[in-house]
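# Here is the input, now give the coordinates:
(2 chains)
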Amino acid sequence: MSPVIRILSGAALLLGLLARPAAAETVNLMSFPVLFQERYTKAVIAPFEKANPGIKVSYFGLPSSAQMLGTLRAQKAAPQVDVVIMDLAVSKAGTDEGLLAKLDEAEIPNMKDLVPEARRPELAGVGVTFDNLVLLTNTDLVKERPDSWYALRDKAYAGRVAIPAMPDIVGLSLTVILDKAEGGQDPLKDVDKGIAALGTIAPGVQTWDPRPEVYAPIVSGQAAIGAGWNARAQLNHDISGGKLAAVLPKEGSVFQANTINLTANSPNAAAAKKFIDYALSAEAQKAFTEEMFYAPSNAKARAAVSPEAIDRTALKYTDRMIPLDWIAMAGRRDAILEQWRRRVIPLSR
Amino acid sequence: MTAALAVPPPDMPNPARLPAGPALLAAIVAVNLLGFVAPVLNLLRLSFLKVEAIGTLRQTFDLSSWHAILTDGFYAGLLADSVLTCTLITGLTLVLSYPVALLIHRCRGTVRTLLLVMVVTPLLTSAVVRTYGWVALLYDQGLVNGVLMALGMSAPLRLMFNTVGVVIGLTEILMPYMILSLLAGFGRLDPRCEEAAQTLGAPPWRIFLRVVLPLTLPGIALGCLLTFVLALSSFITPKLLGGGRVFLLATEIYDQAMVTLNWPLAAALSIVILAMFGLALVLYGRLVRRIG
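Modelled structure (predicted):
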């Protein structure tokens, strides 16, 4: 190759590189870190980026929905985040404060396939994943898999029970489940029966504030039994080589939803809407359920998920699920928290 | 000699009257205004905002956070518990740190350096790691209970997930601060005073009570102030070792801000904790003046 041709071809290559369309837009997604981030990136973000080479999704992980809301509040004047996946109740606060933009079915066609529970008129966003409360056990310490929430008060596990107390929503969910099991009629009116049942569990509780999450102390055997969320329990089951088991007890459980939201005045709204539409598609939801065992919010995805994955989500036991309106329940939260502090936690000292 | 040095020679200009004086001061004033005064004022403003049950923040004036703190017995109890627990931690830290500080003060050369390094080394590790270290030692199957059970105890002692665990963890974590403060305040402790007392026939306990202790009071006051303030504001250790049973101001602020989303209440509690710090500083100032 002569030097002239070499220089010309070099210049052509350089021009070609410069002329190549750069990643035109970046969608900044804020959601939960570590496991959720890893699995969501694999199941949803990577296929989306492959199908849309002009759009890059940048993931920003924060440990709690409250911290995400704090970030949105701080950036209200100049949002840096385009899409946020957060707890449903927190997204209600974000909607009310005008931090989130209402999603429109005309722009996000996959919304039409969502189950009705995923679409609440009072929310700007829509449900993207459903999780449910499960009974957690350490398989070495609890040989026979229990089928009831009342295993939490079994004398055999006294001093080795881990339950994230209220204000954590695990505590609130458990109150509602036990209230129903004890014959309570409407948790929005009172949960006295649930609080009384928690009082019988309290003396055996080791910690009301398991750290870093409830799963680690149970996997390590520091605690034997507890309550937590299904998706993370299923993952921890796999990661720990089966040390952690998750059971959906016969008394039932409650759903908890995460919503996907577009931030108000998102700087990359067009690409963000495209991403939200993909995240709600049957394809993405099926992939994420099979990856992390959250129940999908897309009805078509529910039909398409593999039976093995279905068995590890609450979809197998929809008849056991207790309906709970988290938005209405938020109004009762302070009163129930007070009962926890007066009538439950003191019994465990 | 030192007094002579403290008076500037007549031809040296007063630094406060230098043209650059206010400019030099402006930097620290600006840092303080931006980094401390403005955020505190913002917290104060936040504490008077309205919050709805679900956590929605409204930009309207509302007194309910302050009303809750002043009328709800839970918060009075929280304040009393926090002060009591932190006073206990401060007392224990002082009792455990004082002999160490005295020993270091009396050592010279390599031994002194070695001891000082041993005191400072834990500060190079984060409080989170040290707290997890305590979890490994204190839990039911941990080292301490393992030894006790081997010695014939029938059931493990509850050493964590309660106030005991928080007190043990914080006492150890705050000891380096106490030791360093004590050492800084031991300047007046002259061995010749002790020798004088000894030659006059005072027994060791009297020398300690009448000579050593009064001379080291400035160090004790400084160490106690610092430890109390750090204990009251510490959050990680009570969170990890308290097991959700120990309610302290700092952990409650976290719960209100990060879980319940009640930012106004969290802000109001932060102002309360700041007022406690102010009170501790005033007490310290008075004590130091009295000692002086």
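# what does the stretch 51-200 of chain B put close to chain A?
Within reach of chain A by C-beta under 8 Å from any C-beta of the partner chain, the stretch 51-200 of chain B has these residues: B:52-57, B:74, B:139-141, B:158, B:161-162. C-beta: built from backbone N, CA, C; applies to glycine.
# Among these, which one has the most neighbours?
B:Phe161 (28 neighbours; other C-beta atoms under 10 Å in any protein chain shown).
# So B:Ala202 versus chain A, what's the distance?
According to C-beta to the nearest C-beta, to the nearest Å, B:Ala202 stands 48 Å off from chain A.
# Excluding covalently adjacent residues, which one is nearest to whatever residue of chain B ends up closest to chain A?
Nearest to chain A, among the residues of chain B, is B:Gly244, at 2.8 Å (C-beta to the nearest C-beta). If the residues on either side of it in the chain are set aside, B:Gly244 comes closest to A:Trp208, at 2.8 Å by C-beta to C-beta, 6 or more residues apart in numbering or on different chains.
# what does A:Ser306 give?
A:Glu290 (5.8 Å).
# Can you give the distance from stretch B:187-207 to the centre of its chain?
Relative to the chain's own centre, stretch B:187-207 is displaced by 31 Å; criterion: C-alpha atoms, centre = their mean, to the nearest Å.
# Compute the first-to-last residue distance for that stretch.
This stretch, stretch B:187-207, spans 17 Å end to end (C-alpha to C-alpha, to the nearest Å).
# Quick one: residues in contact with it.
For stretch B:187-207, contacts defined as C-beta atoms under 8 Å, 6 or more residues apart in numbering or on different chains pick out B:His105, B:Arg106, B:Arg210, B:Val211, B:Val212, B:Leu215, B:Thr216, B:Pro218.
# Name the residues of that stretch that come out as buried.
Judged by neighbour count using 16 or more other C-beta atoms under 10 Å in any protein chain shown, the buried positions of stretch B:187-207 are B:Leu189, B:Glu194, B:Ala197, B:Ala202, B:Ile207.
# again with stretch B:261-279
Across stretch B:261-279, burial judged by 16+ other C-beta under 10 Å covers B:261-273, B:276.
# CA atoms of that stretch as CSV?
What follows is stretch B:261-279, C-alpha atoms only, in CSV (Å, rounded to 0.1, in the frame of the first residue of the first chain):
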residue,chain,number,x,y,z
LEU,B,261,-41.6,10.2,53.6
ASN,B,262,-42.6,12.7,56.3
TRP,B,263,-39.9,15.3,55.5
PRO,B,264,-41.4,18.1,57.6
LEU,B,265,-41.3,15.9,60.7
ALA,B,266,-37.8,14.7,59.9
ALA,B,267,-36.7,18.3,59.5
ALA,B,268,-38.3,19.3,62.8
LEU,B,269,-36.6,16.5,64.6
SER,B,270,-33.3,17.5,63.0
ILE,B,271,-33.8,21.0,64.4
VAL,B,272,-34.4,19.4,67.8
ILE,B,273,-31.2,17.5,67.6
LEU,B,274,-29.3,20.6,66.6
ALA,B,275,-30.8,22.4,69.6
MET,B,276,-29.5,19.6,71.8
PHE,B,277,-26.0,20.1,70.4
GLY,B,278,-26.3,23.8,71.1
LEU,B,279,-27.3,23.0,74.7
